[in-house]
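>>> What follows is a predicted structure for the sequence shown.
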Amino acid sequence: MARDYTGGSPKHHHLESKKRRLTWIFGVSALCVVCYMLGAWQTTSSPVNRSELYQGVGCDETSQNQGGNNTSSSSSSAASASSSSLHLDFESHHQVDINKSEAIQKFPACDMAYSEYTPCQDPQRGRKFDRKMLKYRERHCPTKEEQLLCLIPAPPKYKTPFKWPQSRDFAWYDNIPHRELSIEKAVQNWIQVEGDRFRFPGGGTMFPRGAGAYIDDIDALIPLSKGNIRTAIDTGCGVASWGAYLLRNDILAMSFAPRDTHAAQVQFALERGVPAMIGVLASKRLPYPARAFDMAHCSRCLIPWQNYDGMYLIEVDRVLRPGGYWILSGPPIHWKKHWRGWERTQEDLKQEQDAIEAVAKRLCWKKVIEKNDLAIWQKPINHIECIKSRRVYKTPHICKSDNPDMAWERDMENCITPLPETSNPDDVAGGALEKWPDRAFAVPPRISSGSIPGVTAEILRADDQLWKERVEHYKRIIPISKGRYRNVMDMNAYLGGFAAAISKYHVWVMNTVPANSNQDTLGVIYERGFIGTYQDWCEAFSTYPRTYDLIHAGGVFSIYQDRCDITYILLEMDRILRPEGTVVFRDTVELLVKIKSITDGMKWKSQIMDHESGPFNPEKILVAVKTYWTGEAKKES
């Protein structure tokens with residue numbers, strides 16, 4: 001039987017109902033979009049000025065009074081700055097469980113005995129290892145059970161270091177309370193104590209007239225000011241006055257010295273704002289790629305260059321660029337004049353110099369000149385003639401099937417690192433570099449030759465443009481252009497784009513490439529005229545506490561979250577960061593929330609912010625500031 005529709009046609013009613021439902025759906029959808037866009041606009045509005053932001057992240061740039069001293073009030077104001085003005089409520093936009101304050105692990109201060117703790121160069125641990133070839137002074141990191149879960153304290157009267165360039169010549173005594181060098185090296189004029197500060201006159205064992213005059217002597221023999229020489233390595237650097245004064249020639253030196261009886265040499269160098277690392281020529285390769293440095297230097301560095309079949313000179317050859325220079329002053333150079341003062345016989349010194357000359361000759365180096373206290377050799381620009389010379393010199397042979405850039409925890413070898421092949425004797429092996437400063441933004445030979453898989457000239461240019469935009473954004477949230485920072489660490493440097501983008505400021509960057517990275521790009525960074533090192537961030541860095549002003553950590557924790565406990569990475573960052581120093585993290589919001597929950601227990605003030613491109617980018621930025629506190633303040637509390 002047919003159904004009777006008394007209300008009219010059922011088809012008409014269905015159409016009317018369908019229209020009403022569609023209109024309602026479109027209306028609600030439009031309202032949701034408008035509300036979401038309004039909320040996004042409100043949360044991404046820029047701060048009115050930089051001081052507003054620094055209230056947000058807990059950093060007060062005015063905490064330094066004249067002369068670089070920190071008062072208690074200025075320090076406490078930085079530590080207690082409010083973050084309400086820039087609070088981003090990620091809990092409402094992301095399904096992330098943000099730790100509540102009661103669940104945050106609070107990290108206590110370590111004992112003051114650890115104030116200068118260097119985990120992987122701990123003298124007590126080093127005594128357990130072989131003294132042959134100085135193996136006991138190499139990196140020997142603590143086991144997981146030995147790692148500290150506490151914060152390394154600053155000395156009781158710690159002050160903000162002098163700003164560059166004043167820091168080249170002065171440092172606060174309270175920051176590095178060691179008078180040993182001022183006494184042991186008094187005649188050599190390394191360092192002097194003047195009231196509450198150290199003064200660095202620029203003296204050295206082999207440059208009594210000062211590092212400036214010594215560098216002028218070198219400049220008279222090889223060109224230091226024409227842009228051909230940009231990167232240098234100083235073995236056994238002392239307080240790094242050679243590297244400090246080279247900066248006037250736009251030459252960036254990687255200085256290193258072991259942690260030894262001359263307390264805190266590298267710490268003094270970094271306190272001055274000069275690049276330096278704890279390191280030693282022993283049994284392992286230096287943590288730098290092949291063909292990295294334009295110049296290498298040893299001024300009475302006491303390295304037995306002629307021993308172990310010339311292995312240490314062979315390692316210098318590995319890291320020296322084609323056409324690079326090796327400079328030697330001190331024993332045995334000019335021994336006829338100095339032998340009595342060196343308390344060695346003439347026969348012994350002559351034998352040592354002859355042995356060094358023989359090793360250099362077998363490496364195919366050419367002796368450029370020996371004048372007064374300086375001797376200079378030059379590495380060949382390619383190995384065409386060197387390969388032929390193996391018919392005469394059987395050792396050292398040229399290495400076979402070796403990746404010359406592999407340098408992290410890799411034993412040295414008694415063979416010559418091969419240079420890239422070339423058929424023309426006038427060609428520079430691997431490609432010639434541009435002069436500085438053009439070198440910073442030119443396409444490096446490692447990229448133009450295609451030796452870095454997946455990295456092209458277009459990718460490099462895009463990366464440079466990306467970092468230019470990022471640094472412009474950073475300038476609005478941290479005082480990167482105001483002289484607040486000098487020593488900068490990039491924990492995941494990739495192509496060195498961050499270093500290139502901030503090279504116009506008075507900073508230098510330690511570019512680190514994770515040792516277990518899929519792409520080894522450290523050689524590219526050196527070819528651009530910057531310096532850096534390999535590093536496994538599951539271990540401590542080879543430096544003293546409180547030696548960096550700004551640390552950039554882009555994607556680091558995405559790399560290491562499944563390899564080791566990120567708590568120890570953050571504690572290591574706290575160790576090497578100066579009080580009131582800044583860290584910029586870039587990562588996924590889930591990781592940043594986890595990082596923030598840990599750093600909140602480390603006396604850091606931090607704030608999660610949107611990506612510079614806006615709120616829709618899944619990558620976020622966390623800006624953190626280490627608050628000012630000292631060991632003495634911890635005891636009083």
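Received it, and whenever you're ready, just let me know what you need.
>>> Let me see the mean pLDDT of stretch 306-326.
Mean pLDDT, computed over stretch 306-326, is 97.
>>> ignore the last one, stretch 165-172
Computed over stretch 165-172, the average pLDDT equals 96.
>>> For it, what is the spacing between the initial and final residues?
15 Å (C-alpha to C-alpha, to the nearest Å).
>>> for it, which positions count as buried?
Within stretch 165-172, the residues that qualify as buried are Ser167, Arg168, Asp169, Phe170, Ala171, Trp172, counting by 16 or more other C-beta atoms under 10 Å. C-beta coordinates here come from the backbone N, C-alpha and C atoms, glycine included.
>>> which regions of the stretch 401-550 of the chain sit below the pLDDT cut-off?
For the stretch 401-550 of the chain, applying pLDDT under 70 flags no range at all.
>>> mind redoing it with 90?
401-403, 516-518 (pLDDT under 90).
>>> which residue ranges form the strands in the stretch 351-500 of the chain?
366-371, 374-378, 397-398, 415-416, 487-490 (DSSP state E, counting those that start in this stretch).
>>> My read is that Trp172 contacts Asp196, right?
Yes. If you go by C-beta atoms under 8 Å, Trp172 and Asp196 touch, sitting 6.7 Å apart.
>>> Name all residues that make contact with the nearest residue to Leu363 once chain neighbours are set aside.
Take Leu363 and drop its neighbours on the chain: the residue closest to it by C-beta to C-beta, 6 or more residues apart in numbering is Asp317, 5.2 Å away. Counting by C-beta atoms under 8 Å, 6 or more residues apart in numbering, Asp317 makes contact with Leu363, Trp365, Lys379, Ile416, Thr417.
>>> is it true that the second one touches Ile376?
Right, the one you point to is Trp365. No. Between Trp365 and Ile376 there is no contact under C-beta under 8 Å: 10.0 Å.
>>> next one: phi and psi at Met491?
phi -80, psi -20 (degrees, to the nearest 10).
>>> cool, and Tyr548?
Here Tyr548 shows phi and psi, under degrees, to the nearest 10, equal to phi -130, psi 140.
>>> can you check the one 5 residues further on too?
Dihedral angles phi and psi of Ala553 (degrees, to the nearest 10) take the values phi -130, psi 80.
>>> That one: how many residues sit nearby?
22 (other C-beta atoms under 10 Å).
>>> sorry, back to before: with respect to Phe207, which of the strands of the stretch 351-500 of the chain lies nearest?
Ranking the strands of the stretch 351-500 of the chain by proximity to Phe207 (C-beta to C-beta) places strand 374-378 first, at 10.1 Å.
>>> ok, that closest one: who's next to it in the sheet?
strand 320-329 (antiparallel), strand 366-371 (antiparallel) (DSSP bridges).
>>> Output that strand in CSV with nothing but the alpha carbons.
Taking Å, rounded to 0.1, in the frame of the first residue of the first chain, the C-alpha atoms of strand 374-378 are listed here in CSV:
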residue,chain,number,x,y,z
LEU,A,374,112.3,31.1,12.8
ALA,A,375,112.2,28.2,10.4
ILE,A,376,109.4,27.8,7.8
TRP,A,377,108.5,24.9,5.6
GLN,A,378,105.9,24.7,2.9
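>>> what comes into contact with it?
217-218, 221-222, 323-329, 333, 360, 365-370.
>>> Of those, grab the buried ones for ChimeraX.
In ChimeraX, this line selects whichever of those come out buried by 16+ other C-beta under 10 Å:
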select :218,221,222,323,324,325,326,327,328,329,333,360,365,368,370
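>>> quick revisit: including distance to Arg125, could the strands of the stretch 351-500 of the chain go into CSV?
What follows is those, written out as CSV (distance: least, C-beta to C-beta, whole Å):
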stretch, distance to Arg125
strand 366-371, 41
strand 374-378, 37
strand 397-398, 36
strand 415-416, 31
strand 487-490, 24
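>>> The helix or strand containing Ile525: what's the following helix or strand?
Using DSSP states H and E, Ile525 falls within helix 522-527. Note on helix 522-527: by DSSP H and E, the next helix or strand toward the C-terminus is strand 531-535.
>>> Output that next one as CSV, nothing but the C-alphas.
Provided in CSV are the C-alpha atoms of strand 531-535 (Å, rounded to 0.1, in the frame of the first residue of the first chain):
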residue,chain,number,x,y,z
ILE,A,531,87.2,26.6,12.4
GLY,A,532,85.6,23.7,14.2
THR,A,533,86.0,20.1,15.5
TYR,A,534,84.4,16.7,15.5
GLN,A,535,82.4,15.9,18.6
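>>> If we ignore the residues flanking it in sequence, what's nearest the residue most central in space within the chain?
Nearest to the mean C-alpha position of the chain, by C-alpha atoms, centre = their mean, lies Met510 at 2.1 Å. Ranked by C-beta to C-beta, 6+ apart and with sequence neighbours excluded, the top spatial neighbour of Met510 is Met489, at 5.0 Å.
>>> One more: Ser241?
According to C-beta to C-beta, 6+ apart, the nearest residue to Ser241 is Ala211 (4.2 Å).
>>> Tell me how many other residues surround the one you found.
Ala211: 23 neighbours (other C-beta under 10 Å).
>>> Show the contacting residues for it.
Contacts of Ala211 by C-beta under 8 Å, 6+ apart are Gly202, Gly203, Gly204, Ser241, Trp242, Ala244, Tyr245.
>>> let's see it at 7 Å
Gly202, Gly204, Ser241, Trp242, Ala244, Tyr245 (C-beta atoms under 7 Å, 6 or more residues apart in numbering).
>>> What strands flank the strand ranked longest in the chain, and is each parallel or antiparallel?
What stands out as the longest strand in the chain, according to DSSP state E, is strand 577-588. Using DSSP bridges, strand 577-588 pairs in its sheet with strand 548-554 (parallel), strand 619-626 (antiparallel).
>>> what does the first one contact?
Just to be clear, that refers to strand 548-554. 485-492, 498, 573, 576-578, 581-586.
>>> For the stretch 51-200 of the chain, give me the ranges with low pLDDT.
51-104, 177-193.
>>> Tell me which stretches of it form strands.
Under DSSP E, counting those that start in this stretch, the stretch 51-200 of the chain gives strands at 170-172, 192-194, 197-199.
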